[in-house]
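Undergrad: Sequence plus predicted model, see below.
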Amino acid sequence: VERGVVVCGDGDYDPIPFLALAAETGWPLLAEPTSNARRGEAVSAYRHLLASPRFLAEHTPELAVTAGRPGLSRQMLAYLRRAERHVAVGTPRSFADPVRTATDVVPAVAAPAGARPDTAWARSWQEAEGLARAAIDKILDAEEALSELRLARDLAAQAPNGSLLFAGSSMP
């Protein structure tokens, strides 16, 4: 399977196996802020990318691997529905599947035999991430006045690796 995607949602699980899966396969890692998996090569602009019909038309996954509770944005839920196969990681009694599309429930995941990270699929996600980040940065940097979004971006960029930046939903 070349066109896979790893989705890490909110939950009490170790994100390391999912970071490894994404690294070994080149599959994009779409990580919710509360997943503890937003590090390394995680796609930071995935919500913007999933809101683009053109991007979606070219990026339908063959396989979606989910851990924890995926974000409940319409874009994420619609994207999970597009996957040909959806593997939820958990136990039969405890797994999250808000779109009810899981074809398999497994206790753990590993990269498929022969997986390689340098694929056209991986490169297309990396390129889209770079373009989206550049567009977002251009918009945030265009204004002289400080905004909440710009402040969060700048603080996160200055924080040491492993730091946690938490902003409340009301007047952060």
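TA: Structure received.
Undergrad: When you work out contacts or count neighbours from here on, use the C-alpha atoms and nothing else.
TA: Fine.
Undergrad: I figured R47 hits L77, correct?
TA: No - between R47 and L77 there is no contact under Cα atoms under 8 Å: 10.9 Å.
Undergrad: next structured bit after the helix or strand encompassing R54?
TA: Element membership of R54 [criterion: DSSP states H and E] is helix 53-58. Downstream of helix 53-58, the first helix or strand assigned by DSSP H and E is strand 63-67.
Undergrad: residues in contact with that next one?
TA: With Cα atoms under 8 Å, 6 or more residues apart in numbering as the test, strand 63-67 has contacts from 1, 3-9, 11, 13, 80, 83-90, 95-96.
Undergrad: do stretch 92-110 as well
TA: The contact list for stretch 92-110, computed with Cα under 8 Å, 6+ apart, reads 17-18, 21, 67-70, 72, 77, 80-81, 85-91.
Undergrad: which stretches of this protein form strands?
TA: Assigned by DSSP state E, the chain shows strands spanning 4-8, 29-31, 63-67, 85-89, 104-106.
Undergrad: what lines up beside the first one in the sheet?
TA: Going back to what we said before, that points to strand 4-8. strand 29-31 (parallel), strand 63-67 (parallel) (DSSP bridges).
Undergrad: Using PDB, write out every CA atom in it.
TA: Taking only C-alpha atoms (Å, rounded to 0.1, in the frame of the first residue of the first chain), the coordinates of strand 4-8 have been written out as PDB:
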ATOM      1  CA  GLY A   4      -1.600   5.500   3.300                       C
ATOM      2  CA  VAL A   5      -2.200   8.100   5.900                       C
ATOM      3  CA  VAL A   6      -1.700   8.000   9.700                       C
ATOM      4  CA  VAL A   7      -4.200   9.900  11.800                       C
ATOM      5  CA  CYS A   8      -3.400  10.500  15.500                       C
END
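Undergrad: Now do the same for the helix with the most length in the chain: mean pLDDT, whole number.
TA: In terms of residue count, the longest helix belonging to the chain (DSSP state H) is helix 120-142. In this model, helix 120-142 has a mean pLDDT of 96.
Undergrad: and that helix, what other elements does it pack with?
TA: With contacts taken as 3 or more Cα pairs under 8 Å, 6 or more residues apart in numbering; DSSP states H and E, helix 120-142 sits against helix 46-50, helix 148-158.
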